[in-house]
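**Q** Sequence first, then the predicted structure:
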2 protein chains.
Amino acid sequence: MSRLTGKVVIAQGGGPTAVINQSLVGAVLEARRFPEVTAVWGARHGVRGIVDERLVNLSEATTHNLERVARTSSSALGSTRDKPDAEYCNRIFNVFKKHDVRYFFYIGGNDSSDTVRIVSEHANREGYALRAIHIPKTIDNDLPITDHCPGYPSAARFVASAIGGINADLSALPGIYIAVIMGRHAGWLTAAAGLARRHDDDGPHLIYVPERQFSIDRYLGDIDQVFKQHGRCIVALSEGVWATRNGQGKEIPVAVDLMRKAGREPQTDAHGNIQLSGGVLADELADVVQKQLGIKRVRADTFGYLQRSFPGAVSSVDAREAREVGEKAVHYACGQNRNGSVVIKRTGDYAVQYELANLADIAAKTRRLPDEFINADGNNVTNAFRNYLRPLLGDDMPCLERLWAPAAKLE
Amino acid sequence: MSRLTGKVVIAQGGGPTAVINQSLVGAVLEARRFPEVTAVWGARHGVRGIVDERLVNLSEATTHNLERVARTSSSALGSTRDKPDAEYCNRIFNVFKKHDVRYFFYIGGNDSSDTVRIVSEHANREGYALRAIHIPKTIDNDLPITDHCPGYPSAARFVASAIGGINADLSALPGIYIAVIMGRHAGWLTAAAGLARRHDDDGPHLIYVPERQFSIDRYLGDIDQVFKQHGRCIVALSEGVWATRNGQGKEIPVAVDLMRKAGREPQTDAHGNIQLSGGVLADELADVVQKQLGIKRVRADTFGYLQRSFPGAVSSVDAREAREVGEKAVHYACGQNRNGSVVIKRTGDYAVQYELANLADIAAKTRRLPDEFINADGNNVTNAFRNYLRPLLGDDMPCLERLWAPAAKLE
């Protein structure tokens, strides 16, 4: 089959990451090398920019500017939370047809892959030749098939670094510390806290993820035990931890329960995701420790947006892979005339290759932490998880060294 | 006057910073070079470790271990919030006398300098020759005389980097973002957010510090105006902002008002400082924007402990200076037989020298942001402040580049 001649449209969807622009720039620079590509257009704010025809000509962006954008966190083209239905996808398709767009690259998470699938199927039905590729990114690391998702390693590095610093902080001034970390349905990012641990008594001492039911009594019992043993306790906990289910068997996050108790009905976004942000979960989990265990010095922080957009903690491995999935997407579409979702396959320890998966196998599916990554008590991660994550964090992790000096001889 | 022969005791007090161990290691390595110094002891957990005689022999720590400790955030010896009274200082003095300690170095903020002063005066009264030096550190940057305090530049770098990332994030997915930043009485760290701004429409668009009275009405009016102009608004705000005074004219932080409204009496530490941590201020400031301005996407994060112990955002200038104040402290005490507090004097743009100030001029005094660093509306920082802080942030600040591409020509 001969290569399609026409334009490229590239867009970024969903929450930003620290390396999503690497994928953007990887795809743009590769696409500009193909003579069949008549122009590389970027859509402002995801699919919204396609239907509104807010498009920029990336063929005219300087390579220097693009290279600096690649190193900048967040989505340089802008993003959107729009989740296109069939009608919306029809409008996307009409814009593509009108402007002779033959290649569509959408960088995003589960929802974005679904959009690519719908638009691709629509083009098929209409007999319009279109190559459509989903380029993965998500700090949630919850896409299936791929070994991991670009964006996750840098967010994981931020969390592991932060908890490493907190562990040093709490070693200096003992107490209880609770970190509330992003993760609505999957505990991948919270689990990353576990990489902060070097010595047996280092934090995080306890890790709670949405893959296990949360119990406030066990939480208090766990903390009590750690505090008695080490005189301090560092807890990493997913914002999405849940203790109860509703009538339909759906998990109700503790944060949602607390918001409702406080008289606030949590917002939901276009994707039906309940908004879990805010300090109420952290405050309550600190309060209950103070009151029930009588421990005075208890602090809780919600890591919030820092996890996904902090620009100073990028994993070198993540940056490289995010770049390469963007480049590979172009090779698959422009070079090999294929549709699909780029996935990372781990082929060594540590080495990867890239493959193209079927969109239908990716879209709208969520991968949670497998059982082998969670300890039997459901309150920490295993060495199997540590071995999985460690090579992804990149070079030169911050130094966290203990002082080794013998007791002074007092006469 | 001939040099005193005897032991060194060094300790770390107050909240950790990312570079306080540089000062520790600078002092230890220099002190080990003086033949008059018979041993270098470190006290575990500040002055508490002196009175409890929990002392380690740093003469026997390896240089390699010390060099790696220097690069580690937080206080490697451990810290304390104890604020010694005359009786406590008497016990410190007795330990010194018992073990022939002739040099005392205490790395800390305002309260630690006060401890050094009291112990020093006590030794004087007793006719015991003791050299006592306060080595400054505080992320609050609120010590008088010194141009800035070691620890502040790294915390400032964290805040400026974080807000730079948030600005990119909110450019991709517009809305309102409020960052609650450490600073009880002084807005130095919050002001650092201002360094994230490159383009005129970059955040932070509004900065509120405790040096100015806070008004919720002006806050809402300011946000409304920025949001109408830019479609997004990023706010940096000190945890200590206050709107009212009590009967004695003392400023009541908004956070304290909110905690009391919620039925929680805020804790106070040994120094009489009210505990401002927790998410209640951030949550309330987000809620009021949603309700009063009808803006849907509003997020607020409390930066919390990350600001002071994050190990991956150290300023190279800060690391160097923190090291050098520790080294200079030893030169002043062991080489020149002097007491005092080491201060940094800015002698060029950018160059510094070190001097020794009188303890009585440092202790228990707080330096707030001068008027020239705050704009006339009291809702942002000035270029004078930016020029003050910029050289302190160190080399290679994270890249934050905008994509420059012309609109696509739609036929």
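**A** Looks like it arrived, so ask away. Numbering: from 1, shown residues only, chains lettered A, B, ... in the order given.

**Q** In the stretch 301-411 of chain A, where is pLDDT below threshold?
**A** Within the stretch 301-411 of chain A, the stretches with pLDDT under 70 are A:364.

**Q** now the stretch 1-150 of chain A
**A** Within the stretch 1-150 of chain A, the stretches with pLDDT under 70 are A:1.

**Q** which residue ranges form the strands in it?
**A** All strands of the stretch 1-150 of chain A, identified by DSSP state E, counting those that start in this stretch, fall at A:6-12, A:37-43, A:55-57, A:101-108, A:131-136.

**Q** Please name whichever of those strands is nearest to chain B.
**A** Among those, strand A:55-57 comes nearest to chain B, with 4.0 Å by C-beta to the nearest C-beta. Where you see a C-beta, it was placed from the backbone N, CA and C, and this is true even at glycine.

**Q** Which strands or helices does the closest one pack on?
**A** Strand A:55-57 sits against strand A:37-43, with contacts defined as 3 or more C-beta pairs under 8 Å, 6 or more residues apart in numbering or on different chains; DSSP states H and E.

**Q** coming back round to it: could you dump the strands of the stretch 1-150 of chain A into a markdown table with mean neighbour count added?
**A** Formatted as a markdown table, these follow (neighbours: other C-beta atoms under 10 Å in any protein chain shown):
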| stretch | mean neighbour count |
| --- | --- |
| strand A:6-12 | 26 |
| strand A:37-43 | 24 |
| strand A:55-57 | 20 |
| strand A:101-108 | 27 |
| strand A:131-136 | 28 |
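
**Q** Can you add distance to residue B:307 and give those back as a markdown table?
**A** What follows is those, written out as a markdown table (distance: least, C-beta to C-beta, whole Å):
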| stretch | distance to residue B:307 |
| --- | --- |
| strand A:6-12 | 29 |
| strand A:37-43 | 35 |
| strand A:55-57 | 36 |
| strand A:101-108 | 31 |
| strand A:131-136 | 32 |
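
**Q** Which residue lies closest in space to residue A:175, excluding its sequence neighbours?
**A** Of all residues not flanking residue A:175 in the chain, residue A:297 sits nearest, at 3.1 Å (C-beta to C-beta, 6 or more residues apart in numbering or on different chains).

**Q** Surely the one you found touches residue A:176?
**A** Yes: Residue A:297 lies in contact with residue A:176 (C-beta atoms under 8 Å); the separation is 6.9 Å.

**Q** Can you tell me the SS state at the residue lying closest to residue A:340 once chain neighbours are set aside?
**A** Nearest in space to residue A:340, with sequence neighbours left out and distances taken as C-beta to C-beta, 6+ apart, is residue A:356 at 4.0 Å. Here residue A:356 is recorded as strand under DSSP: H, G, I helix; E, B strand; the rest coil.

**Q** how deep is residue A:356 tucked in, by neighbour count?
**A** A count of nearby residues for residue A:356, using other C-beta atoms under 10 Å in any protein chain shown, gives 19.

**Q** ok, it - contacts?
**A** Contacts of residue A:356 were listed using C-beta atoms under 8 Å, 6 or more residues apart in numbering or on different chains, and they are A:133, A:332, A:338, A:340, A:341, A:342, A:343.

**Q** Name the nearest residue to the residue of the stretch 151-300 of chain A found nearest chain B, sequence neighbours excluded.
**A** Evaluated by C-beta to the nearest C-beta, the stretch 151-300 of chain A has residue A:279 as its residue closest to chain B, separated by 1.4 Å. Nearest residue to residue A:279, sequence neighbours excluded (C-beta to C-beta, 6+ apart): residue B:279, at 1.4 Å.

**Q** how close does the one you found sit to residue B:376?
**A** Using C-beta to C-beta, to the nearest Å, residue B:279 is found at 32 Å from residue B:376.

**Q** what about the two, which has more around it?
**A** Taking neighbours as other C-beta under 10 Å, residue B:279 and residue B:376 compare with residue B:279 leading, 27 against 8.

**Q** Residue B:287 is in contact with that one, correct?
**A** No: the pair residue B:279 / residue B:287 is not scored as a contact, 11.4 Å apart, by C-beta under 8 Å.

**Q** Common neighbours of those two, please.
**A** Contact criterion C-beta under 8 Å, 6+ apart; residues shared by residue B:279 and residue B:287: none found.

**Q** so where do the strands sit in the stretch 201-350 of chain A?
**A** According to DSSP E, counting those that start in this stretch, the strands that the stretch 201-350 of chain A contains are A:206-208, A:233-238, A:242-245, A:251-253, A:298-302, A:340-348.
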